[in-house]
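Trainee: sequence plus the predicted model coming up.
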Amino acid sequence: MKKSHGTAVLIILLLCGVVLGGFIGSLAEDTGAFGWLNYGQTFGLSSPLVLDLGVVALTFGLTIRISVAGILGVCAALLAYRLL
C-alpha cells in the first residue's frame with residue numbers, strides 16, 4: 001500500500017521551493033556565470049490600491065515575480081514531494 005501525503009505537505013514544499021529559488025536567484029544576480037538564474041518577469045499591481053473609509057484605510061497590493069531560479073525551486077520541491 002502506497003503511503004499518501006496530504007495537500008498541506010505539497011503546499012509547504014512548494015512555498016519553500018519558491019522562497020529558496022528566489023533567494024538563490026537574488027544571490028546569483030551579481031555573478032557573471034549564474035546571472036541568468038535571476039532572469040524573470042514581475043506582474044501585479046505596481047502601486048497599491050487604497051480604500052479610505054474615513055475610520056479605516058485598507059491597502060491592497062500584490063506583486064508576483066517569477067524567475068528561472070524560482071521555477072527550478074518549484075521543480076525541486078515537486079521532486080522532493082514525489083520522493084517522500
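Mentor: Yep, that arrived. Residues are numbered from 1 along each chain as shown.

Trainee: residue contacts, the spatially most central residue of the chain?
Mentor: Centrality entry for the chain: nearest residue to the mean C-alpha point is Val18, 3.6 Å, by Cα atoms, centre = their mean. Applying Cβ atoms under 8 Å, 6 or more residues apart in numbering, we find Val18 in contact with Gly70, Gly73, Val74, Ala77. Using the backbone N, CA and C atoms, a C-beta is placed for each residue, glycine as well.

Trainee: which is the succeeding secondary structure element to the longest helix along the chain?
Mentor: Among the elements of type helix in the chain, defined by DSSP state H, the one spanning the most residues is helix 7-27. Next along the chain after helix 7-27, taking DSSP states H and E as the criterion, comes strand 40-44.

Trainee: that next one: how far from the chain's middle?
Mentor: Once both centres are worked out by Cα atoms, centre = their mean, to the nearest Å, strand 40-44 turns out to sit 11 Å from its chain's centre.

Trainee: what mean pLDDT would you report for it?
Mentor: Average pLDDT, strand 40-44: 88.

Trainee: which strands or helices does that strand pack on?
Mentor: Other elements packing on strand 40-44 under the criterion 3 or more Cβ pairs under 8 Å, 6 or more residues apart in numbering; DSSP states H and E are strand 63-67.
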